[in-house]
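Engineer: Please find the sequence and the predicted model below.
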Amino acid sequence: MSVIGILGGSGIYQIDNLTNKKWVRYESPFGEPSDDLLFGELHGQSIVFLSRHGRGHRIPPNDINYRANIDVLKRAGVTDLISISAVGSLKKELTLGTFVIIDQFIDHTRNRKNSFFETGCVAHVSMKNPVCNRLANLLEQAAINSHIKYVKGGTYITIDGPQFSTGAESQLYRSWNCDIIGMTNMPEAKLAREAEICYASIGTVTDHDDSVSVTQIIKTLSENVVNANNLLENAVLSIGQDLSSECPCHKALDGALMTNADFIDPEVTYKLSAIASRIL
(Lines give C-alpha, C1' and ligand atoms only; values in the text may rest on other atoms or scores of the structure.)
Protein backbone atom coordinates (compact mmCIF):
# COMPACT_ATOMS: atom_id res chain seq x y z
CA MET A 1 0.00 0.00 0.00
CA SER A 2 1.25 3.47 -0.84
CA VAL A 3 2.35 5.86 1.87
CA ILE A 4 2.14 9.36 0.43
CA GLY A 5 4.55 12.03 1.53
CA ILE A 6 3.92 15.73 1.01
CA LEU A 7 6.72 18.28 1.17
CA GLY A 8 5.09 21.63 1.76
CA GLY A 9 6.89 24.77 0.66
CA SER A 10 6.16 28.44 1.20
CA GLY A 11 2.57 28.92 2.30
CA ILE A 12 1.82 25.20 2.77
CA TYR A 13 2.42 24.40 6.43
CA GLN A 14 -0.44 21.96 6.99
CA ILE A 15 -2.93 19.80 5.11
CA ASP A 16 -6.65 20.47 5.47
CA ASN A 17 -9.03 17.64 6.45
CA LEU A 18 -6.25 15.43 7.84
CA THR A 19 -7.50 13.06 10.56
CA ASN A 20 -5.75 10.97 13.24
CA LYS A 21 -2.94 13.49 13.27
CA LYS A 22 0.26 12.78 15.15
CA TRP A 23 3.57 14.64 15.18
CA VAL A 24 6.61 12.35 15.35
CA ARG A 25 10.27 13.30 15.68
CA TYR A 26 12.60 11.30 13.44
CA GLU A 27 16.38 11.33 13.64
CA SER A 28 18.65 11.03 10.63
CA PRO A 29 22.35 10.16 10.35
CA PHE A 30 22.53 13.05 7.90
CA GLY A 31 21.62 15.65 10.51
CA GLU A 32 18.51 17.56 11.51
CA PRO A 33 15.44 17.52 9.24
CA SER A 34 13.41 20.69 8.82
CA ASP A 35 10.74 19.67 11.33
CA ASP A 36 8.89 16.77 12.94
CA LEU A 37 6.81 14.61 10.62
CA LEU A 38 3.04 14.95 10.70
CA PHE A 39 1.33 11.57 10.29
CA GLY A 40 -2.35 11.36 9.48
CA GLU A 41 -5.03 10.03 7.17
CA LEU A 42 -6.91 11.66 4.34
CA HIS A 43 -9.99 9.71 3.28
CA GLY A 44 -8.35 6.56 4.67
CA GLN A 45 -5.03 7.11 2.90
CA SER A 46 -1.87 7.28 5.02
CA ILE A 47 -0.11 10.64 4.74
CA VAL A 48 3.24 11.91 6.01
CA PHE A 49 3.68 15.68 5.84
CA LEU A 50 6.91 17.65 6.25
CA SER A 51 7.19 21.42 6.19
CA ARG A 52 10.27 22.10 4.08
CA HIS A 53 11.02 25.41 5.80
CA GLY A 54 9.76 24.26 9.20
CA ARG A 55 6.66 25.51 10.95
CA GLY A 56 6.76 29.29 11.06
CA HIS A 57 9.02 29.36 7.96
CA ARG A 58 12.25 29.37 10.00
CA ILE A 59 14.72 27.84 7.53
CA PRO A 60 15.87 29.60 4.34
CA PRO A 61 16.29 27.50 1.18
CA ASN A 62 20.08 27.60 1.34
CA ASP A 63 20.09 26.13 4.88
CA ILE A 64 17.57 23.29 4.40
CA ASN A 65 19.05 19.86 5.13
CA TYR A 66 17.67 18.17 2.03
CA ARG A 67 19.39 14.85 2.75
CA ALA A 68 17.94 14.61 6.26
CA ASN A 69 14.46 15.49 4.96
CA ILE A 70 14.41 12.74 2.34
CA ASP A 71 16.07 10.27 4.71
CA VAL A 72 13.41 10.68 7.44
CA LEU A 73 10.60 10.43 4.89
CA LYS A 74 12.10 7.16 3.67
CA ARG A 75 12.39 5.93 7.28
CA ALA A 76 8.73 6.81 7.76
CA GLY A 77 7.82 4.45 4.91
CA VAL A 78 6.99 7.04 2.24
CA THR A 79 6.70 5.47 -1.23
CA ASP A 80 5.29 8.41 -3.21
CA LEU A 81 6.35 12.01 -2.62
CA ILE A 82 4.58 15.16 -3.78
CA SER A 83 6.57 18.38 -3.58
CA ILE A 84 4.74 21.70 -3.72
CA SER A 85 6.52 25.03 -3.76
CA ALA A 86 6.18 28.68 -4.70
CA VAL A 87 7.93 29.54 -7.97
CA GLY A 88 8.63 32.55 -10.12
CA SER A 89 7.50 32.66 -13.74
CA LEU A 90 10.01 33.12 -16.56
CA LYS A 91 7.30 33.00 -19.25
CA LYS A 92 4.57 35.61 -19.77
CA GLU A 93 1.98 32.90 -20.42
CA LEU A 94 2.57 31.41 -16.95
CA THR A 95 0.46 33.88 -15.01
CA LEU A 96 0.05 34.27 -11.26
CA GLY A 97 -1.80 31.41 -9.63
CA THR A 98 -0.97 28.86 -12.34
CA PHE A 99 0.06 25.41 -11.12
CA VAL A 100 2.93 23.88 -13.10
CA ILE A 101 3.40 20.11 -13.05
CA ILE A 102 7.16 20.07 -13.51
CA ASP A 103 8.90 17.52 -15.74
CA GLN A 104 12.51 18.80 -15.95
CA PHE A 105 15.04 20.57 -13.76
CA ILE A 106 18.24 22.54 -14.14
CA ASP A 107 20.27 22.44 -10.96
CA HIS A 108 22.03 25.80 -10.69
CA THR A 109 22.85 25.41 -6.98
CA ARG A 110 26.47 25.43 -5.88
CA ASN A 111 26.78 24.71 -2.17
CA ARG A 112 24.43 21.84 -1.36
CA LYS A 113 25.02 18.19 -0.48
CA ASN A 114 23.36 16.60 -3.49
CA SER A 115 23.90 12.87 -2.90
CA PHE A 116 23.61 10.29 -0.16
CA PHE A 117 26.52 8.39 -1.69
CA GLU A 118 29.90 9.62 -0.46
CA THR A 119 33.47 8.39 -0.38
CA GLY A 120 33.24 4.79 0.78
CA CYS A 121 30.18 3.89 -1.28
CA VAL A 122 29.71 5.24 -4.81
CA ALA A 123 26.50 4.99 -6.85
CA HIS A 124 25.22 6.74 -9.98
CA VAL A 125 21.47 6.97 -10.66
CA SER A 126 19.85 8.19 -13.87
CA MET A 127 18.23 11.63 -13.80
CA LYS A 128 17.24 11.79 -17.47
CA ASN A 129 13.60 11.82 -16.43
CA PRO A 130 13.82 13.44 -12.97
CA VAL A 131 10.17 13.07 -11.98
CA CYS A 132 7.96 10.00 -11.81
CA ASN A 133 5.77 9.94 -14.91
CA ARG A 134 3.10 7.92 -13.12
CA LEU A 135 2.83 10.49 -10.32
CA ALA A 136 2.91 13.42 -12.76
CA ASN A 137 0.00 11.94 -14.71
CA LEU A 138 -1.96 11.41 -11.49
CA LEU A 139 -1.26 15.02 -10.50
CA GLU A 140 -2.65 16.20 -13.82
CA GLN A 141 -5.84 14.24 -13.21
CA ALA A 142 -6.01 15.79 -9.74
CA ALA A 143 -5.62 19.27 -11.24
CA ILE A 144 -8.46 18.57 -13.66
CA ASN A 145 -10.66 17.28 -10.83
CA SER A 146 -9.82 20.39 -8.80
CA HIS A 147 -10.86 22.73 -11.64
CA ILE A 148 -7.71 24.81 -11.29
CA LYS A 149 -5.49 26.56 -13.79
CA TYR A 150 -2.54 24.29 -14.54
CA VAL A 151 0.14 23.49 -17.11
CA LYS A 152 1.53 19.98 -17.62
CA GLY A 153 5.27 20.11 -18.17
CA GLY A 154 7.85 22.78 -17.50
CA THR A 155 11.53 23.22 -16.69
CA TYR A 156 12.32 24.44 -13.17
CA ILE A 157 15.71 26.06 -12.58
CA THR A 158 16.87 25.91 -8.98
CA ILE A 159 19.08 28.64 -7.54
CA ASP A 160 20.62 28.78 -4.08
CA GLY A 161 18.92 31.94 -2.86
CA PRO A 162 17.86 33.37 -0.54
CA GLN A 163 18.28 36.42 -2.80
CA PHE A 164 16.17 36.69 -5.93
CA SER A 165 17.78 36.80 -9.39
CA THR A 166 19.44 39.81 -10.99
CA GLY A 167 17.88 41.09 -14.20
CA ALA A 168 20.75 39.64 -16.21
CA GLU A 169 20.31 36.25 -14.56
CA SER A 170 16.59 36.23 -15.40
CA GLN A 171 17.45 36.93 -19.05
CA LEU A 172 20.01 34.10 -18.99
CA TYR A 173 17.54 31.60 -17.59
CA ARG A 174 14.99 32.55 -20.25
CA SER A 175 17.63 31.99 -22.93
CA TRP A 176 18.05 28.47 -21.48
CA ASN A 177 14.32 27.95 -22.08
CA CYS A 178 13.51 27.62 -18.39
CA ASP A 179 9.84 28.09 -17.51
CA ILE A 180 9.90 28.66 -13.76
CA ILE A 181 12.47 29.41 -11.07
CA GLY A 182 12.70 28.39 -7.43
CA MET A 183 15.14 27.65 -4.64
CA THR A 184 14.19 24.23 -3.26
CA ASN A 185 13.55 21.39 -5.73
CA MET A 186 17.20 20.56 -6.16
CA PRO A 187 18.84 18.48 -4.82
CA GLU A 188 15.51 17.27 -3.45
CA ALA A 189 14.55 15.45 -6.67
CA LYS A 190 18.00 13.83 -6.98
CA LEU A 191 17.88 12.58 -3.40
CA ALA A 192 14.37 11.18 -3.81
CA ARG A 193 15.58 9.21 -6.83
CA GLU A 194 18.54 7.83 -4.86
CA ALA A 195 16.11 6.89 -2.08
CA GLU A 196 13.93 5.03 -4.61
CA ILE A 197 10.92 7.19 -3.80
CA CYS A 198 8.54 8.23 -6.58
CA TYR A 199 8.78 12.02 -6.78
CA ALA A 200 6.71 14.65 -8.56
CA SER A 201 6.65 18.39 -8.11
CA ILE A 202 4.07 21.14 -8.45
CA GLY A 203 5.14 24.76 -8.71
CA THR A 204 2.57 27.42 -7.91
CA VAL A 205 3.40 30.66 -9.72
CA THR A 206 3.48 33.52 -7.21
CA ASP A 207 5.43 36.18 -9.13
CA HIS A 208 7.32 37.06 -12.30
CA ASP A 209 11.05 36.69 -11.81
CA ASP A 210 11.94 40.16 -13.09
CA SER A 211 9.45 41.95 -10.81
CA VAL A 212 9.42 39.84 -7.67
CA SER A 213 8.62 40.93 -4.12
CA VAL A 214 7.86 39.04 -0.90
CA THR A 215 4.63 41.07 -0.61
CA GLN A 216 3.44 39.78 -3.99
CA ILE A 217 4.44 36.21 -3.15
CA ILE A 218 2.53 36.22 0.16
CA LYS A 219 -0.53 37.81 -1.50
CA THR A 220 -0.64 35.17 -4.25
CA LEU A 221 -0.02 32.33 -1.81
CA SER A 222 -2.87 33.53 0.40
CA GLU A 223 -5.23 33.70 -2.58
CA ASN A 224 -4.17 30.25 -3.77
CA VAL A 225 -4.09 28.24 -0.54
CA VAL A 226 -7.59 26.78 -1.09
CA ASN A 227 -6.68 25.65 -4.61
CA ALA A 228 -3.43 24.16 -3.34
CA ASN A 229 -5.20 22.14 -0.66
CA ASN A 230 -7.88 20.97 -3.11
CA LEU A 231 -5.17 19.86 -5.52
CA LEU A 232 -3.29 17.96 -2.82
CA GLU A 233 -6.47 16.29 -1.57
CA ASN A 234 -7.42 15.16 -5.08
CA ALA A 235 -3.84 14.02 -5.71
CA VAL A 236 -3.91 11.87 -2.58
CA LEU A 237 -7.17 10.27 -3.73
CA SER A 238 -5.77 9.63 -7.22
CA ILE A 239 -2.52 8.11 -5.94
CA GLY A 240 -4.26 6.03 -3.29
CA GLN A 241 -6.57 4.51 -5.91
CA ASP A 242 -3.78 3.85 -8.41
CA LEU A 243 -3.43 0.12 -8.98
CA SER A 244 -0.71 0.27 -11.64
CA SER A 245 2.22 -2.09 -11.60
CA GLU A 246 5.42 -1.52 -9.62
CA CYS A 247 7.01 1.79 -10.58
CA PRO A 248 10.63 1.74 -11.87
CA CYS A 249 11.44 4.60 -9.45
CA HIS A 250 11.37 2.00 -6.67
CA LYS A 251 14.26 0.16 -8.36
CA ALA A 252 16.36 3.21 -9.25
CA LEU A 253 19.46 1.79 -7.53
CA ASP A 254 19.49 -1.39 -9.61
CA GLY A 255 22.83 -1.38 -11.41
CA ALA A 256 23.82 1.97 -9.84
CA LEU A 257 26.32 0.77 -7.22
CA MET A 258 29.97 1.10 -8.34
CA THR A 259 31.91 0.25 -5.19
CA ASN A 260 32.98 -3.35 -4.70
CA ALA A 261 31.18 -4.86 -1.71
CA ASP A 262 34.50 -5.66 -0.01
CA PHE A 263 35.46 -1.98 -0.02
CA ILE A 264 32.23 -0.36 1.16
CA ASP A 265 32.86 1.69 4.30
CA PRO A 266 30.75 0.28 7.21
CA GLU A 267 30.10 3.81 8.50
CA VAL A 268 28.64 4.82 5.14
CA THR A 269 26.57 1.61 5.11
CA TYR A 270 25.13 2.63 8.47
CA LYS A 271 24.20 6.09 7.17
CA LEU A 272 22.53 4.45 4.16
CA SER A 273 20.50 2.06 6.33
CA ALA A 274 17.19 3.54 5.15
CA ILE A 275 18.14 4.85 1.72
CA ALA A 276 19.90 1.84 0.25
CA SER A 277 19.14 -1.14 2.51
CA ARG A 278 17.56 -2.96 -0.44
CA ILE A 279 20.85 -3.21 -2.33
CA LEU A 280 23.36 -3.22 0.53
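Structural biologist: Received, thanks.

Engineer: which ones are touching residue 126?
Structural biologist: Counting by C-beta atoms under 8 Å, 6 or more residues apart in numbering, residue 126 makes contact with 193, 252. In this view, the C-beta of every residue, glycine as well, is placed from N, C-alpha and C.

Engineer: That one is in what secondary structure piece?
Structural biologist: For residue 126, there is no enclosing helix or strand under DSSP states H and E.

Engineer: Which residue, other than its chain neighbours, is closest to residue 124?
Structural biologist: With C-beta to C-beta, 6 or more residues apart in numbering as the criterion, residue 124 has its nearest non-adjacent residue at 5.6 Å, and that residue is residue 256.

Engineer: didn't the one you found look like it was pressed against residue 122?
Structural biologist: No - contact status for residue 256 versus residue 122: not in contact, 9.2 Å apart, counting by C-beta atoms under 8 Å.

Engineer: ok, back up a step: contacts only, for the residue nearest to residue 124.
Structural biologist: 123, 124, 125, 279.

Engineer: end-to-end on stretch 100-115?
Structural biologist: With C-alpha to C-alpha, to the nearest Å as the measure, stretch 100-115 spans 26 Å from end to end.

Engineer: pLDDT score assigned to the closest residue to residue 42 other than its chain neighbours?
Structural biologist: Spatial nearest neighbour of residue 42, chain neighbours left out: residue 236 (4.9 Å); criterion: C-beta to C-beta, 6+ apart. Confidence at residue 236, expressed as pLDDT, is 90.

Engineer: Then residue 194?
Structural biologist: 98.

Engineer: neighbours of it, just the number please.
Structural biologist: 26 (other C-beta atoms under 10 Å).

Engineer: so it touches residue 113, yeah?
Structural biologist: No - with contacts counted by C-beta under 8 Å, residue 194 stays clear of residue 113, the gap being 11.6 Å.

Engineer: in the stretch 101-250 of the chain, which spans are helices?
Structural biologist: Per DSSP state H, counting those that start in this stretch, the stretch 101-250 of the chain carries helices over the ranges 133-146, 167-175, 185-194, 214-240.

Engineer: Check which helices and strands the third one is in contact with.
Structural biologist: Judged by 3 or more C-beta pairs under 8 Å, 6 or more residues apart in numbering; DSSP states H and E, the packing partners of helix 185-194 are helix 66-75, strand 80-89, strand 104-107, strand 155-158, strand 198-208.

Engineer: go again using 10 Å as the cut-off
Structural biologist: Counting contacts by 3 or more C-beta pairs under 10 Å, 6 or more residues apart in numbering; DSSP states H and E, helix 185-194 is packed against strand 4-8, helix 66-75, strand 80-89, strand 104-107, strand 155-158, strand 198-208.

Engineer: Redo those as TSV? Include distance to residue 264 and mean neighbour count.
Structural biologist: As requested, those are exported to TSV (distance: least, C-beta to C-beta, whole Å; neighbours: other C-beta atoms under 10 Å):
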stretch	distance to residue 264	mean neighbour count
strand 4-8	28	25
helix 66-75	18	25
strand 80-89	27	26
strand 104-107	27	19
strand 155-158	30	24
strand 198-208	26	25
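
Engineer: right, so of these, which gets closest to residue 98?
Structural biologist: strand 198-208 (4.6 Å; C-beta to C-beta).
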